[in-house]
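Peer 1: Compute the structure for the input listed below.
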Amino acid sequence: MEQIASFTIDHLRLLKGVYVSRKDKVGDQVITTFDIRMTRPNMEPVMNTAEMHAIEHLAATYLRNDETYGNKTIYFGPMGCRTGFYLLLAGEYESKDVIPLLTSMYEFIRDFEGDVPGASAIGCGNYLDMNLNMAKYLAKHFLNEVLYNISEEHLIYPV
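Peer 2: As a prediction, this is how the structure comes out:
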């Protein structure tokens, strides 16, 4: 049985950042999967599901309404290990290409006021499991610690 590529990344050396996890060809189109690592694996506490759920709803809303990337957004969702998210975009990209998009997305989350989009019994299968305040806190933290001054070591997987 072939090993899954993401299981070969040294998670003991992996920093918070934005990484290209893989590029897959689907027909004539390339799909780029980004690893958005908000907490340092095995070094920091993982995120709770309530704040991850709020980030997921807000990020998906932002991405699908973005003028440039809205029609290129395939998926945004949480990692099972709760250290970050995956973003799948149609097209071939490098990590640095999406930093402006992710910066504005996390600013949107940090500054969001009101009801989380889709957070209702009709719009979501677990709408009560949301923590907007903690989502905003984590977005601010990720912006300040990673996105605003991102360096190469936070853009390329450790070898």
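Peer 1: and Leu143, how many neighbours does it have?
Peer 2: Neighbouring residues of Leu143 were enumerated by other Cβ atoms under 10 Å; the total is 18. Bear in mind the C-beta positions are built from the backbone N, C-alpha and C, glycine included.
Peer 1: So, low pLDDT: which residues of the chain?
Peer 2: In the predicted model, the chain carries pLDDT under 70 at residues 2-5.
Peer 1: Just after the longest helix seen in it, pick out the following helix or strand.
Peer 2: What stands out as the longest helix in the chain, according to DSSP state H, is helix 49-65. Remark: after helix 49-65, the chain's next helix or strand is strand 73-78, criterion DSSP states H and E.
Peer 1: thinking again about what came up before, buried ones in the longest helix of the chain?
Peer 2: Of the residues in helix 49-65, those buried under the neighbour-count criterion (16 or more other Cβ atoms under 10 Å) are 50-63.
Peer 1: Thought Tyr137 was touching Ile55, still the case?
Peer 2: No. Contact status for Ile55 versus Tyr137: not in contact, 10.7 Å apart, counting by Cβ atoms under 8 Å.
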